[in-house]
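any chance you can model this:
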Amino acid sequence: MTVNRSISTPFAVSLAGDYNDNGQVEADDLNLVLFNWAVDETNLTLAWISQRPEPGTAVGVSQLNGVLFNWGNTVSAAAVPEPAALIIGLGMVLFSMVTHRCLGN
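I've put the predicted structure just below:
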């Protein structure tokens, strides 16, 4: 039985090398790679939430590089749009369309 604990949303931000999906690439991600080295994707621990290897592929150099090349990176709060910003943006577009039409341009 495979359990998929990842949540997919239109605004989800994926950080390369952040396998435990806590918003930063750090020692816990490196431990996941090292303790699961050569383990097939279907047998990975449930702590490996994000960016699981392709089915039939074992944890290896690609996942290690994901951690090492992104060490210390964090998800920026600016990278995740707030719903209020989306509503304001849509309101501005609608206002622009209405005023443009009313002015006859």
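
any idea how far the biggest helix by length in the chain is from the chain center?
With secondary structure taken from DSSP state H, the chain has its longest helix at helix 83-102. Distance, stretch centre to chain centre, for helix 83-102: 29 Å (CA atoms, centre = their mean, to the nearest Å).

go on, stretch 30-50?
Relative to the centre of its chain, stretch 30-50 is centred 17 Å away, using CA atoms, centre = their mean.

list the buried residues in that stretch.
By neighbour count with 16 or more other CB atoms under 10 Å, stretch 30-50 contains the buried residues 30, 32-33, 36, 39, 41, 44, 48-50. Every C-beta, even on glycine, is put in place using the N, C-alpha and C of the backbone.

span of it from start to end?
Taking CA to CA, to the nearest Å, stretch 30-50 runs 13 Å from one end to the other.

sorry, back to before: in the buried residues of stretch 30-50, find the pair that's most separated.
Greatest spatial distance among the buried residues of stretch 30-50 (CB to CB): Leu30 and Glu41, at 18.3 Å.

what strand or helix carries the residue nearest to the spatial centre of the chain?
The C-alpha lying nearest the average C-alpha coordinate of the chain belongs to Ser14 (CA atoms, centre = their mean; 1.7 Å). Assignment of secondary structure by DSSP states H and E places Ser14 within no helix or strand.
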